[in-house]
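Q: structural data only, the sequence is not supplied:
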């Protein structure tokens, strides 16, 4: 479900040219009440006891982690003996990141949360909620969240709500919604929420293998955000389907009915978009705006990306929905002739609406939207968020390319070792990015111990 | 985590004498805005667009499911060859419910949700959120929630938020918090939330086996509730521990360090109670009340119950906390000499405060409280809630007692069959309560098909 944000690069590359800078998140990002707060659990006070919602609840900061190695899909095509272009053109895939056996879902989340807190210069006791969305289950009972509590140990802050949430790639989205609801509810104590989305998606050898991936995103959620979750408009569609699922608990690999899953994805997109449009049009009508909502009203769209080609088709699908809903669509010229609406220059990010479609097989899907703050001036929350992500391309470029033979060998190692006890996982620590957590040892009672590569 | 409410019987038996009655949940339970709502997804409107929290958010209705068979712990002591009283006196256990192989977490939740909706005479499209808290994982990706969407099929309502939440016995508590937050947030559209807590807790033969159990609870959450969640006071404690966990994904059985888990439980209770007291005292001070919060201020306490004896010790533990926190405790007479504070007659439920301590190994724990509405008149929400539960004892009495030999045989069947494919699970359908869902068939692709015993 980390893939939810896989397309954000389009937006976020905007500020790529800006020099990388560490930046403190100042209390100005929180409400006045929270500014005066002492966040120590030793003197917890309920700071937001007005029965109203704080302003501009959304994403204050973002942190992204991906593994330091990848395989080229062109090379994978040759290695797998499939026709040239099957993965690169047919699926629209280029490079696939993957983890060695000494990285697991816990280590990924440890890395991304510590990086978020360190780079934002937050104190660990300024966090009042932390939740994890994942479908990479290595323990049926013990939440990843509890493992992350190790990071809070020195601060003494253990009063941190939220836990793990699961449904395929949808868990992270559900966590984001939960955290935003928390900030607007009476449960909020003025502190930040952190939402972590992480997964290691691996498939058995065969058709689905090139659609794997691995990564984690941590989001800092609170009021006064540069990416504001729009209220009262999200459309959700849930139903009972066996399109992709993981019933073989001893294996890392899912069962996949690819054809059915694509049908489900489109059906969910149609349903969510239909509900979203009804809700936002109803809001508009209340303030006297009587026009249909169309794809034009999103300046950017983010899609859950099972594989890249599906997202290209999804844009067309939404436009088809607009066309079908329009009373008298212009079929000769205008929007339906092209994709002009998506040719924005970078400066237009400020003030724009970003649509986001999240899909988790099984299935659970939502279409929601974020408003980007108007203020893009240097030092503004938006500027800080973009600056913090300006090194993404450099970090991607710094990854190590691994030949398919080695990739297949590492996948085999994972298969053979992922539930061993009394075991030290294989994998070179030197290949990890600085500051990356990794699985050091699994003892005879399955207890996992982690270590961190120096910064 | 269904055990969270295992002690509620104490409260709920109050109205046991009342005749069992089916009762409709009328719109009066919702806000005025919601009363006017058409809940069809065809015309979803955002009905709660004032930026304030609705009144008295909490539990409107409760539904409880437990298996129709149990084993006597006295007989289990003999069968296991342990000294008499080890389970019954040492652990405080009497009878243990358990499921045959044709019941799984999905069937349990199907049963309890359908029963809640049918008995409350709700329409399926009056539900805008449904989430499940469980640690009984039979699929690492597909949420139980998605299976429950089958129940909504005829209504056409698929716009139902919420998904599955996991951490040992804590998932249900996290779901309850999430749902209450949702009702207070801008995401709420005026419809009900349903929270489902369910688990099948089975242990390998040995010391822990008599602490198993199985059941599910469904709660209807919304404003105007007879059990109101108190705002801004809950205390949470989370940390990274391996006291009880399920790293062997192929097995239904957990790894348990019983001694460590009891230490963790008490440490979490101390921490949560300390934070809860600070928060509520701070609220009191703001309205001019300057006194320490003590156990006396709870009229009832509900505990997560790993085994019954631990709960008895927990009451003493909280009293010890009061004692340690009191500036000049009276050690000669008064509260600390006995448990008078817990001798309430049934009529005092109305207006009382119920404390609830939830613990999930790993660990995640919270202490929170509910206020019971003042109005206990016939036809009041409180009266309806209690009436709906008045048949609990009758239903418990209607269970079938099974000898330990048969219990052990059924546990063995579960072990051998719980992840088979192309398989029809064993178990007599005739023994199930009317209206119970059961697992009919697992096909060659692990897809599970359920059927329902006639009402």
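A: That came in fine, so what should we check first? Computed from a predicted model, the values in this text were never measured in an experiment.
Q: which stretches of the stretch 101-250 of chain A form strands?
A: A:127-133, A:164-166, A:192-201, A:213-222, A:227-229, A:235-238, A:244-245 (DSSP state E, counting those that start in this stretch).
Q: any chance of CSV for these, columns mean neighbour count, distance to chain B and mean pLDDT?
A: Heads up, the C-betas are built off the backbone N, CA and C, glycines and all. Output for the strands of the stretch 101-250 of chain A, formatted as CSV (neighbours: other CB atoms under 10 Å in any protein chain shown; distance: least, CB to the nearest CB, whole Å; pLDDT from 0 to 100):
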stretch, mean neighbour count, distance to chain B, mean pLDDT
strand A:127-133, 28, 8, 98
strand A:164-166, 32, 5, 97
strand A:192-201, 27, 10, 97
strand A:213-222, 25, 12, 96
strand A:227-229, 23, 9, 96
strand A:235-238, 27, 5, 97
strand A:244-245, 26, 4, 94
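Q: could I get those strands as a markdown table with distance to residue A:420?
A: Output for those, formatted as a markdown table (distance: least, CB to CB, whole Å):
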| stretch | distance to residue A:420 |
| --- | --- |
| strand A:127-133 | 24 |
| strand A:164-166 | 23 |
| strand A:192-201 | 17 |
| strand A:213-222 | 20 |
| strand A:227-229 | 41 |
| strand A:235-238 | 36 |
| strand A:244-245 | 25 |
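Q: of all those, which one is nearest residue A:310?
A: Using CB to CB as the measure, strand A:244-245 is the one of the strands of the stretch 101-250 of chain A that comes nearest residue A:310, at 12.9 Å.
Q: any low-confidence regions in the stretch 1-150 of chain A?
A: A:1-51 (pLDDT under 70).
Q: 50 instead, please
A: A:1-49 (pLDDT under 50).
Q: and if you look at the stretch 151-300 of chain A?
A: In the stretch 151-300 of chain A (pLDDT under 50), no residue qualifies.
Q: could you redo the last one with a cut-off of 90?
A: Along the stretch 151-300 of chain A, the model assigns pLDDT under 90 to residues A:204-208, A:250, A:252.
Q: can you give me the helices in it?
A: Counting by DSSP state H, counting those that start in this stretch, the stretch 151-300 of chain A has helices at residues A:171-184, A:258-286.
Q: hey, which of those is tucked in deepest?
A: For the helices of the stretch 151-300 of chain A, ranked by mean neighbour count under the definition mean count of other CB atoms under 10 Å in any protein chain shown, the leader is helix A:171-184 at a mean of 29.
Q: check which helices and strands it sits against.
A: Here helix A:171-184 touches strand A:127-133, strand A:164-166, strand A:192-201, strand A:213-222, strand A:353-360, strand A:364-372, helix B:171-184, going by 3 or more CB pairs under 8 Å, 6 or more residues apart in numbering or on different chains; DSSP states H and E.
Q: how about JSON lines for those, with distance to residue B:124 added?
A: Converted to JSON lines, the helices and strands packed on helix A:171-184 look like this (distance: least, CB to CB, whole Å):
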{"stretch": "strand A:127-133", "distance to residue B:124": "26"}
{"stretch": "strand A:164-166", "distance to residue B:124": "23"}
{"stretch": "strand A:192-201", "distance to residue B:124": "30"}
{"stretch": "strand A:213-222", "distance to residue B:124": "31"}
{"stretch": "strand A:353-360", "distance to residue B:124": "22"}
{"stretch": "strand A:364-372", "distance to residue B:124": "17"}
{"stretch": "helix B:171-184", "distance to residue B:124": "17"}
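Q: just the buried residues of stretch A:351-369, please?
A: Going by neighbour count (16 or more other CB atoms under 10 Å in any protein chain shown), the buried part of stretch A:351-369 is A:353-369.
Q: can you tell me which of the residues you listed are up against chain B?
A: Among the buried residues of stretch A:351-369, proximity to chain B is found for A:360, A:361, A:362, A:363, A:364, A:366 (CB under 8 Å from any CB of the partner chain).
Q: chain B: which of those is nearest?
A: Comparing those against chain B with CB to the nearest CB places residue A:362 closest, at 4.0 Å.
Q: need the pLDDT of the closest one.
A: Confidence at residue A:362, expressed as pLDDT, is 94.
Q: so residue A:103 sits right up against residue A:427, yeah?
A: Yes. Contact criterion CB atoms under 8 Å: residue A:103 and residue A:427 qualify, at 7.2 Å.
Q: what touches both of the two?
A: residue A:438 (CB atoms under 8 Å, 6 or more residues apart in numbering or on different chains).
Q: just want to know which of the two has more residues nearby.
A: When residue A:103 and residue A:427 are compared on other CB atoms under 10 Å in any protein chain shown, the one with more neighbours turns out to be residue A:103, at 25 against 20.
Q: residue contacts, that one?
A: Per CB under 8 Å, 6+ apart, neighbours of residue A:103: A:67, A:200, A:214, A:427, A:432, A:436, A:438, A:439.
Q: which ones among those map onto helices?
A: Using DSSP state H to define helices, no part of these is located there.
Q: what is the nearest of those to residue A:182?
A: Each of the contacts of residue A:103 was scored against residue A:182 by CB to CB, and residue A:200 proved nearest at 27.3 Å.
Q: how close does the closest one get to residue B:398?
A: Applying CB to CB, to the nearest Å, the value for residue A:200 to residue B:398 is 47 Å.
Q: and residue A:170, by the same measure?
A: 39 Å.
Q: what about those two, which has more around it?
A: Just comparing residue A:170 and residue B:398: by other CB under 10 Å the higher neighbour count belongs to residue A:170, 33 against 10.
Q: what sits against that one?
A: Shown in contact with residue A:170 (CB under 8 Å, 6+ apart): A:1, A:133, A:358, A:359, A:360, A:362, A:363, A:364, A:365, A:366, B:163.
Q: dihedrals phi and psi, it?
A: Main-chain dihedrals, residue A:170, degrees, to the nearest 10: phi -90, psi -20.
Q: helices of the stretch 1-150 of chain A, start to end?
A: A:9-12, A:32-35, A:73-80, A:105-119, A:144-148.
Q: list the contacts of the last one.
A: Here helix A:144-148 makes contact (CB under 8 Å, 6+ apart) with A:105-106, A:109-110, A:113, A:130-132, A:134, A:162-164, A:196, A:198, A:448, A:450, B:167, B:238-241, B:362-364.
Q: try it again at 6 Å.
A: A:105, A:106, A:109, A:113, A:132, A:163, A:164, B:240, B:362 (CB atoms under 6 Å, 6 or more residues apart in numbering or on different chains).
Q: what about that helix, distance to the chain center?
A: Relative to its chain's centre, helix A:144-148 lies at 18 Å (CA atoms, centre = their mean, to the nearest Å).
Q: buried residues, stretch A:290-305. List them.
A: Using 16+ other CB under 10 Å as the test for burial, stretch A:290-305 gives A:293, A:294, A:295, A:297, A:298, A:299, A:300, A:301, A:302, A:303, A:304, A:305.
Q: excluding chain neighbours, what is closest to the fourth one?
A: Spatially, and ignoring its direct neighbours in sequence, residue A:297 is nearest to residue A:353 (6.5 Å; CB to CB, 6 or more residues apart in numbering or on different chains).
Q: tell me what that neighbour is bridged to.
A: Applying DSSP bridges to residue A:353 gives these bridge partners: residue A:371.
Q: excluding chain neighbours, what is closest to residue A:315?
A: Leaving aside its chain neighbours, residue A:315 sits nearest to residue A:301 (6.7 Å; criterion: CB to CB, 6+ apart).
Q: list the contacts for residue A:124?
A: Going by CB under 6 Å, 6+ apart, residue A:124 touches A:152, A:155, A:157.
Q: chain B versus residue A:408, what's the distance?
A: Plainly put, residue A:408 is 23 Å away from chain B if you go by CB to the nearest CB, to the nearest Å.
Q: need the contact partners of the helix or strand encompassing that residue.
A: Per DSSP states H and E: residue A:408 is located in helix A:404-417. Under the contact criterion CB under 6 Å, 6+ apart, helix A:404-417 has outside partners A:71, A:75, A:76, A:79, A:100, A:101, A:425, A:426.
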